[in-house]
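>>> Coordinates only, no sequence provided:
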């Protein structure tokens, strides 16, 4: 199998089938992941590495018509597939965004939550990417990372390509992010929720005395 710049198979149809296979639900537990995020109706969410929209569609339902999802993807061909699938499903509260390996290209300070599933090991400059995600978060925004355990599992990339939980957390600290919660119900992956460290939060501007 041939792989492109970001580690995805160059056979686009095969990649979509692999990501959308019904068997994925047994180990990815997508509906439980979305419930664990505790999203409110009307929230603004970024799906980082959205692919053909496996989580995007679920996030769009969770935030409702008043909410919005930025579906970030680094491959133009995948963005095209995502647009087609969203249109076919009648999903109207999603904006596809063409990002890159170190920049999610999100508007600053808007996202209540950013979700990254099976994406972290694909990134070029992980700390730079996390810093840009942190800037995209609202003042109380969160980043949720679901990534492969650093061991042999029945599915997932080879162990040499995986990023251990401890390494991801070190990167996060360098980017000004700290753990806020952790969920342990996924059989092959860690699921960590991060927030901006207190010193990294934007402080409101003080009004000048008149």
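It's in. The structure presented is a predicted model; accordingly, all values stated were derived computationally and were not measured. Numbers count the residues shown, from 1 in each chain.

>>> drop to CA atoms for contacts and neighbour counts, all remaining ones
Will do.

>>> Of all residues in the protein, which one is nearest the centre?
The residue lying closest to the centre of the chain (CA atoms, centre = their mean) is residue 116, at 2.1 Å.

>>> what sits opposite that residue in the beta ladder?
For residue 116, the beta-bridge partners under DSSP bridges are residue 48, residue 145.

>>> got it, and residue 98?
residue 73.

>>> That one: what's it in contact with?
Listed by CA atoms under 8 Å, 6 or more residues apart in numbering, the contact partners of residue 98 are 72-76, 79, 104-105.

>>> pLDDT score for the closest residue to residue 16 other than its chain neighbours?
Among residues not flanking residue 16 along the chain, residue 52 sits closest, at 6.4 Å (CA to CA, 6 or more residues apart in numbering). Per-residue pLDDT puts residue 52 at 94.

>>> For burial, what's the neighbour tally of residue 52?
With neighbours defined by other CA atoms under 10 Å, the count for residue 52 comes to 25.

>>> Doesn't it belong to a strand?
No: with DSSP: H, G, I helix; E, B strand; the rest coil as the criterion, residue 52 is located in coil rather than a strand.

>>> contacting residues for it?
16, 19-20, 78-79, 81-82, 85.

>>> repeat for residue 49
Counting by CA under 8 Å, 6+ apart, residue 49 makes contact with 71-74, 116-117, 119.

>>> Closest one to residue 198 out of these, please.
residue 116 (22.1 Å; CA to CA).

>>> Assess the claim that that closest one and residue 48 are in contact.
Yes: Residue 116 lies in contact with residue 48 (CA atoms under 8 Å); the separation is 5.0 Å.

>>> Please enumerate the helices of this structure.
12-20, 24-28, 30-36, 56-63, 76-89, 126-136, 165-174 (DSSP state H).

>>> Other residues contacting the last one?
Identification of contacts with helix 165-174 by CA under 8 Å, 6+ apart yields 126-127, 130, 147, 149-150, 178-179, 190.

>>> Next, the buried residues of that helix.
Neighbour counts over helix 165-174 (16 or more other CA atoms under 10 Å) mark 165, 168-169, 171-173 as buried.

>>> Then the first one?
Buried residues in helix 12-20, counting neighbours by 16+ other CA under 10 Å, are found at 15-16.

>>> Specify the angle between that helix and helix 76-89 in degrees.
60 degrees (axes from the mean of the first three to the mean of the last three CA atoms, to 10 degrees).

>>> for helix 12-20, the distance to its chain's centre please.
18 Å (CA atoms, centre = their mean, to the nearest Å).

>>> Reformat the contacts of residue 98 as a markdown table; add distance to residue 26 and pLDDT.
Formatted as a markdown table, these follow (distance: CA to CA, whole Å; pLDDT from 0 to 100):
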| residue | distance to residue 26 | pLDDT |
| --- | --- | --- |
| 72 | 25 | 98 |
| 73 | 24 | 95 |
| 74 | 27 | 93 |
| 75 | 27 | 91 |
| 76 | 29 | 93 |
| 79 | 26 | 95 |
| 104 | 29 | 96 |
| 105 | 32 | 96 |
